[in-house]
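Asker: Fold the following.
(chains A and B)
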Amino acid sequence: MIELLLQGVLLGGLYTLFALGLSLMFGVMRLTNTAHGDFIILGAFGALSLNGWGLSPWLADLVVLPMAALLGYAVQRYVLNQTLGKDPVPSLVVTFGLSIVIQNALLEIFSADPRSIESSGLNTQSLALSDSLSIGVLPTLILLIALVATVGLQWLFANTRLGRAFRAVSDDPEIAELMGLRSKNVYALATAIAFALIAMAGVLQGLRTTVAPSDGPMLLLFAFEAVIMGGMGSFWGTLAGSMLLGITQQVGFRLDPGWGVWAGHLMFLFLLLVKPQGLFPKTR
Amino acid sequence: MNPLIEKQFVVERGHAYTRLLLVAAVVAVIAAASVPFWAESSWMHEFVEIACYFIFALMWNVLAGYGGMVSIGQQAFFGLGAYTMLALGNFWGVNPFVAIAIGGIVAGLVAIPVSRIAFRLQGGYFAIGTWVISEVFRLSFANLSAVGGGAGTTLTALRGIDKATRESWTYWVALLCVVASISLVYLFLRSKRGLALLAIRDNPVAAESQGIAVGSMKLAMYAVAACGAGLAGALYFVGNLRISPDAAFSVNWTAFAIFMVVIGGMGRIEGPLVGTLVFWLLSKFFSDFGSWYLMGLGLLAIVTTIYFKHGLWGYVQQRWGWSLFPTQRRLVLTTRPLA
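Answerer: Numbers count the residues shown, from 1 in each chain, chains lettered A, B, ... in the order given. From the prediction side, this is the model:
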């Protein structure tokens, strides 16, 4: 039982990293990035190819993260900003189009085979907590990174100039512009941070398990479920939603290997019915 | 104002050539109905396939283009209609052609409880929420061993019928479905309720304040779109005979529908029609390129959305004022002196 919960929490750590970027983009510009999962996979394959050229996973991470942030800035600045507005259709169609382009480009370059990033044994090491209980080193590390990222984002939003700008354009972009902010630039910075998180999540996913070009949509759905279950507008909520999703999936997997993902979806729909604002709604 | 002038107005619903277009459409349908007597069977198969894409896109357009509800989960109802048809045909001996209609109705009915969950979300969240719902459908059917689980199964109900008869009937039923769904959507949009729909599309809050029951209209649209999607799904697998959860609940159905509607022009009946035509031509010439072809479709959708917001037919309509299915009402003022 404890082991099951622990496994769920560790899985939740990975999902937190999937979800934080989505939560950030939802929060700042109300943008639904349907290509979110595909960008995670893109990050993983980026690190994978660097790894293939002999870079260690952590060094590859150092290269991929800034590249992802730059890509995020550019995508928001030159593509997604043109689709923002009251009508949700343009941004949905454009990100959905991006999703198809990324999936097929990866398919063309890397083929459909699932692969994983070589971590020189890190993914098999484990820490013994007691005689019968041990946890993997890598999942624990991922959970720690997720916690640091959550605390970091929360701090960024609450205590920095940039965070204040994010909150301002989120509340009312027009008034924020009157106060001297360039909302399009602020949006692009938010996406840059979100993409750095996305790439991080991708690399860790690639280290922990396998990635294939067609995995993106599933990761998007996990991230989305975590964000909505946790409640919009708070990163702690996203963390809680991810944990709930991770635990539910683990319980499902334990009952029947075919039921894990299904159980997670059902939990999401159930919570949507009984608590549509999520676990920790932040009233704005 | 001169009191001796009487102001009169007439509401204009179409153009002079609207009647002509109607006659042409009737002639075209009659000509199309004769296809099984002289054409190759591969043509009919292709038509049935494209007809399914078209009906699905038409219904997606009703939902997104008029209702403002962008769903990425309409494949839930596509697959549901298909599996309903299959179960009725294989287990209860219902004629599959009759079961197509029942499949559509079941999908429409199931949409009502589903909407209770889906309507908790709006805008982009609604889009992904519906996607989750369709995944639940897919995984549920993949766990149902009665219909072959994840591997799928075959429609055996049509086994006794010889190939030529089966193909001709499938073709005629597909043609009937296309004509029926276009007519239904068109007549609905021209009706008083259609006017309410347009009002909701333009501004839901203002529409509500004018006494339009926005909530129940949206639910009606969701159910009708689901019914159409179910019809398309059932029809598709009568043509294909082999079904699996991954094929029936594939997100690609909605992806292609979005592509067709965006290219043709959202929120107009001509949109999916033109879009399906473009899609069919593109797939005919380029689908051999596999993932490059799909990348091209994705890019085309992105470029169209950013630079040509109203799609191909939107451009045509703005440039030349053409409209195959006039749904707008124009007030024409005429003044004449009082005698």
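Asker: Over to the closest residue to chain B within chain A: give its phi and psi.
Answerer: Chain B sits closest to A:T32 of chain A, with a gap of 2.6 Å, by CB to the nearest CB. C-betas here are computed from N, CA, C, even on glycine. With angles defined as degrees, to the nearest 10, A:T32 sits at phi -100, psi 110.
Asker: does the spatially closest residue to it that is not a sequence neighbour sit in a helix or strand, and which one?
Answerer: Leaving aside its sequence neighbours, A:T32 sits nearest to B:G124 (CB to CB, 6 or more residues apart in numbering or on different chains; 2.6 Å). Following DSSP states H and E, one finds B:G124 within helix B:123-142.
Asker: Packing partners of that helix?
Answerer: Helix B:123-142 sits against helix A:89-110, helix A:216-230, helix A:260-274, helix B:75-92, helix B:96-118, helix B:245-248, with contacts defined as 3 or more CB pairs under 8 Å, 6 or more residues apart in numbering or on different chains; DSSP states H and E.
Asker: Dump these into JSON lines; add mean neighbour count and mean pLDDT as well.
Answerer: Formatted as JSON lines, the helices and strands packed on helix B:123-142 follow (neighbours: other CB atoms under 10 Å in any protein chain shown; pLDDT from 0 to 100):
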{"stretch": "helix A:89-110", "mean neighbour count": "22", "mean pLDDT": "92"}
{"stretch": "helix A:216-230", "mean neighbour count": "26", "mean pLDDT": "93"}
{"stretch": "helix A:260-274", "mean neighbour count": "19", "mean pLDDT": "92"}
{"stretch": "helix B:75-92", "mean neighbour count": "26", "mean pLDDT": "94"}
{"stretch": "helix B:96-118", "mean neighbour count": "21", "mean pLDDT": "93"}
{"stretch": "helix B:245-248", "mean neighbour count": "20", "mean pLDDT": "92"}
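Asker: how about those, which one is nearest B:G149?
Answerer: helix B:245-248 (8.0 Å; CB to CB).
Asker: ok, for A:A196, nearest residue in space, not its chain neighbours?
Answerer: A:A69 (4.4 Å).
Asker: sec struct for the residue of chain A positioned farthest from its centre, please.
Answerer: Distance from the C-alpha centroid of chain A, by CA atoms, centre = their mean, peaks at A:D131 (34.1 Å). Following DSSP: H, G, I helix; E, B strand; the rest coil, we place A:D131 in the coil state.
Asker: Let me know the pLDDT of it.
Answerer: Among the per-residue scores, A:D131 holds a pLDDT of 73.
Asker: Now do the contacts for the residue in the stretch 51-200 of chain B that chain A sits nearest to.
Answerer: Distance from chain A to each residue of the stretch 51-200 of chain B (CB to the nearest CB) is smallest for B:G124, at 2.6 Å. By CB atoms under 8 Å, 6 or more residues apart in numbering or on different chains, the residues touching B:G124 are A:30-32, A:34, A:88, A:91-92, B:70.
Asker: what about the helices in the stretch 101-250 of chain A?
Answerer: A:137-159, A:161-171, A:173-178, A:183-208, A:216-230, A:235-255 (DSSP state H, counting those that start in this stretch).
Asker: Of all these, which one is nearest B:L20?
Answerer: Nearest of the helices of the stretch 101-250 of chain A to B:L20, taken as CB to CB: helix A:216-230 at 46.3 Å.
Asker: before we move on, back to that, output the helices and strands packed on helix B:123-142 in TSV, with distance to B:M266 appended to each entry.
Answerer: Formatted as TSV, the helices and strands packed on helix B:123-142 follow (distance: least, CB to CB, whole Å):
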stretch	distance to B:M266
helix A:89-110	7
helix A:216-230	23
helix A:260-274	27
helix B:75-92	19
helix B:96-118	20
helix B:245-248	26
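Asker: which bits of the stretch 1-150 of chain B sit near chain A?
Answerer: Residues of the stretch 1-150 of chain B found near chain A (CB under 8 Å from any CB of the partner chain) are B:64, B:68, B:70, B:72, B:116-117, B:120-121, B:123-125, B:127-129, B:131-133, B:135-136, B:139-140, B:142-143.
Asker: still on that earlier bit, and the angle from the helix holding B:G124 to helix A:216-230?
Answerer: Here helix B:123-142 points in a direction 110 degrees away from that of helix A:216-230 (axes from the mean of the first three to the mean of the last three CA atoms, to 10 degrees).
Asker: Let me know the average pLDDT across helix B:123-142.
Answerer: Mean per-residue pLDDT for helix B:123-142: 92.
Asker: can you check stretch A:158-168 too?
Answerer: 90.
Asker: how about it: buried residues?
Answerer: If you call a residue buried by 16 or more other CB atoms under 10 Å in any protein chain shown, then stretch A:158-168 has these buried ones: A:165-168.
Asker: Output the residue ranges of the helices in the stretch 151-300 of chain B, listed in chain order.
Answerer: B:163-190, B:192-202, B:204-209, B:214-240, B:245-248, B:252-264, B:270-286, B:291-307.
Asker: right, so of those helices, which gets closest to A:V137?
Answerer: Of the helices of the stretch 151-300 of chain B, nearest to A:V137 by CB to CB is helix B:245-248, at 35.6 Å.
Asker: same for that closest one, what does it pack against?
Answerer: Counting by 3+ CB pairs under 8 Å, 6+ apart, helix B:245-248 packs on helix B:75-92, helix B:123-142.
Asker: Counting neighbours, which bits of the longest one end up buried?
Answerer: Right, helix B:123-142. Here helix B:123-142 shows B:123-139, B:141-142 as buried, counting by 16+ other CB under 10 Å.
Asker: Show me what from the stretch 201-339 of chain B comes close to chain A.
Answerer: Near chain A, when you scan the stretch 201-339 of chain B using CB under 8 Å from any CB, you find B:251, B:255, B:258, B:262, B:266, B:291-292, B:294-295, B:297-299, B:301-302, B:305-306, B:309.
Asker: again, only this time at 6 Å
Answerer: Taking CB under 6 Å from any CB of the partner chain as the contact definition, the stretch 201-339 of chain B meets chain A at B:258, B:262, B:291, B:294-295, B:298, B:301-302, B:305-306.
Asker: And the pLDDT at B:Q328?
Answerer: pLDDT, read off for B:Q328, is 68.
Asker: how far away is B:F285 from chain A?
Answerer: 18 Å (CB to the nearest CB, to the nearest Å).
Asker: To what extent is that residue buried, counted in neighbours?
Answerer: 10 (other CB atoms under 10 Å in any protein chain shown).
Asker: next one: A:L197
Answerer: 28.
Asker: what sits against it?
Answerer: Going by CB atoms under 6 Å, 6 or more residues apart in numbering or on different chains, A:L197 touches A:20-21.
Asker: ditto for A:A19
Answerer: A:223, A:226-227, A:238, A:242.
Asker: Redo the residues you listed as a markdown table? Include distance to B:R330.
Answerer: A markdown table is the format used below for those (distance: CB to CB, whole Å):
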| residue | distance to B:R330 |
| --- | --- |
| A:A223 | 48 |
| A:A226 | 50 |
| A:V227 | 46 |
| A:T238 | 51 |
| A:S242 | 54 |
